[in-house]
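Asker: predicted model and sequence below, questions to follow.
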Amino acid sequence: MTGDNGKGGGSGASPAELRARIERTRHELGDTVAALAGKTDVKGRAQDRAARLKDRTLHRTAAARERLGGSGAARTAAVAGGALLAGVLVLRRRTRAGSWSPALRTRKSPHPLARAGAKARGKGHHR
């Protein structure tokens, strides 16, 4: 469309050539619209990503099973390590919540009104 002074296709192009160009342009436009529609399909993209993550996890799990498959001692060590890690995480969470360590129970509550209400309930003022 350059150098044709705004008139139709190229100068001297036959109707068959023009139809071929139009058809090519339609296909390109269709591909562009399909690509844009794919980018706006958030649900579909999320499902694709979830499927890829699931496959990757299954492959890694299978590989880990193969590595540990022959040795009963290795399995036992892995289970014990997992249990130890879970126990440490539970204790750590309790410590942060202030319900495990007596030293942490004495710190001031971030909600002074809730603390005052708890004191009042404990003295029998309510109910």
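Answerer: Received, thanks. None of these values were measured; they are calculated from a predicted model. Numbers count the residues shown, from 1 in each chain.
Asker: from Leu91, how far off is Ala64?
Answerer: Ala64 sits 26 Å away from Leu91, going by CB to CB, to the nearest Å. (C-beta placed from N, C-alpha, C; glycine too.)
Asker: helices of this protein, start to end?
Answerer: Secondary structure of the chain (DSSP state H): helices located at 15-40, 42-69, 72-97, 102-105, 112-122.
Asker: what about this structure, any weak spots by pLDDT?
Answerer: Using pLDDT under 70 as the threshold, the predicted model of the chain has low-confidence ranges 1-11, 69-71, 95-127.
Asker: follow-up on the earlier one: now the helices of the chain in JSON lines, with mean neighbour count?
Answerer: Below are these laid out as JSON lines (neighbours: other CB atoms under 10 Å):
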{"stretch": "helix 15-40", "mean neighbour count": "10"}
{"stretch": "helix 42-69", "mean neighbour count": "10"}
{"stretch": "helix 72-97", "mean neighbour count": "11"}
{"stretch": "helix 102-105", "mean neighbour count": "10"}
{"stretch": "helix 112-122", "mean neighbour count": "10"}
